[in-house]
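1. Quick check, what structure comes out for this input:
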Amino acid sequence: MRIETILNHLEPHKGFVYKGCKLNRESDTLEVMIAERDGSRVSCPVCGKRCPVYDHRPVRRYESIPYSSRDP
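-> Below is the predicted model of the structure:
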């Protein structure tokens, strides 16, 4: 199973798709590229209305809460 498929099940983002993943062994991190789905309408972060995507911001980095395979 591809990492993108697993991410779609664990962290779905409506209107966006996972474009690729890269394991960075130096920092022990997984770098994931996310892009808007072609023809999708996403929610504006300011007004909340659904609109087509015109503006593209520069690449940003986020940290996610680690997933554990063990139940607490």
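2. for the worst-scoring helix or strand of the chain on mean pLDDT, packing partners?
-> Taking mean pLDDT, DSSP states H and E as the measure, the helices and strands of the chain show their lowest mean at strand 41-43, namely a mean of 72. Other elements packing on strand 41-43 under the criterion 3 or more Cβ pairs under 8 Å, 6 or more residues apart in numbering; DSSP states H and E are strand 50-52. Every C-beta, even on glycine, is put in place using the N, C-alpha and C of the backbone.
3. Now do the strand it packs on: which elements does it pack against?
-> On a contact count with 3+ Cβ pairs under 8 Å, 6+ apart, strand 50-52 meets strand 41-43.
4. Give me the three-state assignment for residue 17.
-> The three-state assignment at residue 17 reads strand, by DSSP: H, G, I helix; E, B strand; the rest coil.
5. got a list of contacts for the least confident helix or strand of the chain?
-> The set of residues that contact strand 41-43 without belonging to it, under Cβ atoms under 8 Å, 6 or more residues apart in numbering, is 14, 15, 16, 36, 49, 50, 51, 52, 53.
6. which residues touch the fourth one?
-> Going by Cβ under 8 Å, 6+ apart, residue 36 touches 15, 16, 17, 42, 53.
7. bridging residues for it?
-> Beta-bridge pairing of residue 36 under DSSP bridges involves residue 16.
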